[in-house]
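A.B. asks: What follows is a protein structure lacking sequence information:
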Ligand code: ARG
């Protein structure tokens, strides 16, 4: 908000100088100023003049600008940079705007877009494991950020519900003479790893399972009945876990729903398709490709459709919703798959939407390897949650005396904040002890800070009323930090990076704690000062709560 205002001012005073796209940025030297403008160097090249001279010239124009006095306390040229220091009046005016305006003064978006978000993507009949955590919470967070920024979103879980694993489970059920009524979650959880192992050892069984899968896809009534029951049971469990994680979807479509559109898809793709060794493929290689780019396989030699086929058919189906973007929040290791799918989609004008793969790395254990159980299986999501809970409870004697619901919220914050604070593209190490601590860049630290401030606010009446005073450095730093809110949201939204929100939350909390430790509000006699500080804390905590919500984290009552 305030940065926008500074940009306007800079544009006004430089508009005859033919320099665009040079914005005010946060200061690299917070000891000298709050914001800086680096355009003098560019201008120096264009105008063949000395940057300092240009700077002085601009500064004298700034000083004549009608907004100068209300906005800035100081403006100067230092080594060719224009350093801008905000006035107390401006800081407090904008903080008041934030408190009183909708969405803390987030400016409405010029052109809201419709985003379809494809995240979650669990495969039914397999229990949810730690590998399903990242797509769920990164996707949910990006959805919330885009919505808050003012876009429209439709979320779709895109279940893996028509692949080989279903054929394998049906094969196992039939082998063990299980009837439809017998099927339950325990049986499924036991069966899938068993048959999947068998398939790796025995090609005949693998083949049988593939045939079952293919016949299921072609509509075999017996297999369809089994499939429906398996899906129902599995989905109940998946929905329970997502609900616990506070992750929600507008659409619960799956690969199976895309099958109806495959004939139409094949028609559209005909001009680009080729037969190769019995399979139907679409070449996607471009001349300037630096990496290997194999063709996309639309139909394999036994006539089965593959992962890419259903993704393309899903794009076709999603076109009915007229999205501007489709975002796939999926493991970075699938980047080749998406590259192939996107190329075919663009080549054949399947969609007008822009397609983006929002890739992420893996969550690793302390040994740097993907989180696994002792026998090498992926750790179940339920087990990760109970393990985290145990660690948190063991850290402090009286943790177990806390309210159950509060403990669950803290445990949830440990897992989510550990994850979302990373640049999503990178792998990260989930160090349970570290992320369970109330010290450091952790979920509990943020929640603890929030509650500590809330305690002060609860004691007083929560009204907001700011004068134009600022009392000391920690006070000013805190206020300046709060002013960055709208820009941070905008950046997180454009880059689809929840980590910007997580970093910012941490920064606010550091400022809050520094302020808290150095300034005692409790016994303060100066009523105006007290009201000013309470107002700043009120706004800060409102922002913290909102930012936590964007990271899918809820606040406990007490800790
Ligand atoms: N089910 C897939 C998997 O487990 C993820 C689905 C991602 N979404 C998509 N449209 N391909 O790898």
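C.D. replies: Great, that's in hand. A quick note: this is a predicted structure, and the numbers were derived from the prediction, not measured. Residues are numbered from 1 along each chain as shown.

A.B. asks: For the stretch 1-150 of the chain, give me the ranges with low pLDDT.
C.D. replies: 18-21 (pLDDT under 70).

A.B. asks: Now do the helix or strand residue 8 falls within: which elements does it pack against?
C.D. replies: Using DSSP states H and E, residue 8 sits within helix 2-14. Contact analysis of helix 2-14 by 3 or more C-beta pairs under 8 Å, 6 or more residues apart in numbering; DSSP states H and E lists strand 35-37, helix 39-47, helix 51-64, helix 68-71, helix 88-100 as its packing neighbours. Every residue, glycine included, has its C-beta placed from N, CA and C.

A.B. asks: from the ones you listed, which stretch is densest packed?
C.D. replies: Of all the helices and strands packed on helix 2-14, strand 35-37 carries the top mean neighbour count, a mean of 22, counting by mean count of other C-beta atoms under 10 Å.

A.B. asks: Name the strands paired with that strand and say parallel or antiparallel.
C.D. replies: strand 25-26 (antiparallel), strand 81-86 (antiparallel) (DSSP bridges).

A.B. asks: Any chance you could list what contacts it?
C.D. replies: 3, 6, 10, 22-29, 81-84, 86 (C-beta atoms under 8 Å, 6 or more residues apart in numbering).

A.B. asks: one step back: please identify the one among the helices and strands packed on helix 2-14 that comes closest to the ligand.
C.D. replies: Of all the helices and strands packed on helix 2-14, it is helix 88-100 that lies closest to the ligand, at 37.4 Å by C-beta to the nearest ligand atom.

A.B. asks: Counting by contacts, list what the next helix or strand along the chain from the closest one packs against.
C.D. replies: Using DSSP H and E, the next helix or strand after helix 88-100 towards the C-terminus is strand 114-118. Based on contacts counted as 3+ C-beta pairs under 8 Å, 6+ apart, the elements that strand 114-118 packs against are helix 133-149, strand 152-156, strand 325-331.

A.B. asks: Kindly calculate the angle that strand 114-118 makes with strand 325-331.
C.D. replies: Counting by axes from the mean of the first three to the mean of the last three C-alpha atoms, to 10 degrees, strand 114-118 lies at 20 degrees to strand 325-331.

A.B. asks: Residue numbering should commence at 668 henceforth.
C.D. replies: Will do, 668 is the new start, and the previous item becomes strand 781-785.

A.B. asks: tell me how far strand 781-785 is from the chain's mean position?
C.D. replies: Here the centre of strand 781-785 is set off from its chain's centre by 13 Å, with C-alpha atoms, centre = their mean, to the nearest Å.

A.B. asks: between it and strand 819-823, how big is the angle?
C.D. replies: 20 degrees.

A.B. asks: Could you tell me the angle between strand 781-785 and helix 800-816?
C.D. replies: 170 degrees.

A.B. asks: For strand 781-785, give me every contacting residue.
C.D. replies: Looking at strand 781-785 with C-beta under 8 Å, 6+ apart, the contacting residues turn out to be 806, 809-810, 813, 818-823, 825, 985, 988-997, 1020.

A.B. asks: looking at the contacts of strand 702-704, which has the most residues close by?
C.D. replies: residue 749 (26 neighbours; other C-beta atoms under 10 Å).

A.B. asks: Adding distance to the ligand, write the strands paired with strand 702-704 out as a markdown table.
C.D. replies: As requested, the strands paired with strand 702-704 are exported to a markdown table (distance: least, C-beta to the nearest ligand atom, whole Å):
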| stretch | distance to the ligand |
| --- | --- |
| strand 692-693 | 36 |
| strand 748-753 | 45 |
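
A.B. asks: which one of the ones you listed lies closest to residue 1069?
C.D. replies: Nearest to residue 1069 among the strands paired with strand 702-704 is strand 692-693; the distance by C-beta to C-beta comes to 38.3 Å.

A.B. asks: ok so, going back, mind putting the helices and strands packed on helix 669-681 into a markdown table with distance to the ligand?
C.D. replies: Putting the helices and strands packed on helix 669-681 into a markdown table (distance: least, C-beta to the nearest ligand atom, whole Å) gives the following:
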| stretch | distance to the ligand |
| --- | --- |
| strand 702-704 | 41 |
| helix 706-714 | 43 |
| helix 718-731 | 50 |
| helix 735-738 | 47 |
| helix 755-767 | 37 |
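
A.B. asks: Check the burial of the residue in the stretch 818-967 of the chain positioned nearest to the ligand by counting its neighbours.
C.D. replies: Closest contact between the stretch 818-967 of the chain and the ligand, by C-beta to the nearest ligand atom, is at residue 827 (3.2 Å). The tally of other residues near residue 827 (other C-beta under 10 Å) stands at 21.

A.B. asks: That one against residue 792, yeah?
C.D. replies: No. Between residue 827 and residue 792 there is no contact under C-beta atoms under 8 Å: 9.2 Å.

A.B. asks: any idea how far residue 1104 is from the ligand?
C.D. replies: Look at residue 1104 and the ligand: by C-beta to the nearest ligand atom, to the nearest Å, they are 32 Å apart.

A.B. asks: hang on, isn't that residue packed against residue 1062?
C.D. replies: Yes. Proximity of residue 1104 to residue 1062 meets the contact threshold set by C-beta under 8 Å, at 6.9 Å.

A.B. asks: Alright, that wraps it up for me.
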